[in-house]
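1. Here is the input, now give the coordinates:
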Amino acid sequence: QVQLVESGGGLVQAGGSLRLSCAASGRAFRTYIMGWFRQAPGKERKFVARIRASYGTDYESSVKGRFTISRVNAKNTVTLQMNSLKPEDTAVYYCAAAPPGGSYANWGQGTQVTVSS
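-> Residues are numbered from 1 along each chain as shown. Predicted coordinates:
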């Protein structure tokens, strides 16, 4: 079991940047796939980005080239650097962890990101 705590959300103008961090507990962190998801008001939670234990990454098409996911296993942290933010990026952002061969069973409490136009 991994416990996750997000931080770094806030209010930013369109075109600005924010950096989200997720602190994880547990020695197995380095083996987990770590993901970021977001949920806009009235909409379903959607995938944003993920980073595997091998450091391979995947991105949702609308954030590719603007967002960067990274991890530091020695610090049990995963980060989402968000640049060139748009109003449509406004959402609650969640960090999630999936064990090898498993699904995203561990979720943080979420952090609000608001992008004003």
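2. tell me, what residue is most central in the chain?
-> Centrality entry for the chain: nearest residue to the mean C-alpha point is residue 36, 2.7 Å, by C-alpha atoms, centre = their mean.
3. Show me the beta-bridge partners of it.
-> Judged by DSSP bridges, the bridge partners of residue 36 are residue 49, residue 95.
4. Can you verify my assumption that it contacts residue 9?
-> No: if you go by C-beta atoms under 8 Å, residue 36 and residue 9 don't touch, sitting 11.6 Å apart. Using the backbone N, CA and C atoms, a C-beta is placed for each residue, glycine as well.
5. Between these two, which contacts overlap?
-> Residues touching both residue 36 and residue 9 (C-beta atoms under 8 Å, 6 or more residues apart in numbering) are 20, 93.
6. before we move on, the earlier item: what about the residue nearest to the centre of the chain, distance to residue 30?
-> 18 Å (C-beta to C-beta, to the nearest Å).
7. Over to residue 14?
-> Residue 14 is 36 Å from residue 30, where distance means C-beta to C-beta.
8. give me phi/psi at residue 75?
-> Per-residue torsions, residue 75: phi -110, psi 0 (degrees, to the nearest 10).
9. what about it, neighbour count?
-> 12 (other C-beta atoms under 10 Å).
10. Sweet, I'm off.
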